[in-house]
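J.: Just to be clear, the model below is a prediction. Sequence and coordinates:
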Amino acid sequence: MASKLIKANPDSAKDILKDAIGCTVTKDEHDRLNMIKNCDGWQRYREAGIRVWDTEKNTPVNYPA
């Protein structure tokens, strides 16, 4: 998402951000995510071995593609 936003114009930025999802991580998880430089989005979480939990549904998230 970050790389898409860097290249976006004001109109396309709105479309990109409508799909944004907030995620709270621990300091350890944040540090692990910062070590992942070769990908974006949910792939970073996969690479860092971080399990995401959907607090609305109280279920683990199956990472979207």
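T.: Arrived safely. Residues are numbered from 1 along each chain as shown.
J.: Please count neighbours and contacts with C-alpha atoms only from this point.
T.: Fine.
J.: what residue ranges in the chain score low on pLDDT?
T.: Within the chain, the stretches with pLDDT under 70 are 64-65.
J.: Okay, strands next: where are they in it?
T.: 53-54, 59-60 (DSSP state E).
J.: Can you list the neighbours in contact with the first one?
T.: Spelled out, that is strand 53-54. For strand 53-54, contacts defined as CA atoms under 8 Å, 6 or more residues apart in numbering pick out 59-61.
J.: got CSV for the residues you listed, with distance to Ala48 and neighbour count too?
T.: Formatted as CSV, those follow (distance: CA to CA, whole Å; neighbours: other CA atoms under 10 Å):
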residue, distance to Ala48, neighbour count
Thr59, 20, 10
Pro60, 16, 11
Val61, 15, 12
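J.: need the contact list for the most centrally placed residue in the chain.
T.: In the chain, the residue lying closest to the centroid (CA atoms, centre = their mean) is Gly41, at 3.8 Å. By CA under 8 Å, 6+ apart, the contact set of Gly41 is Met1.
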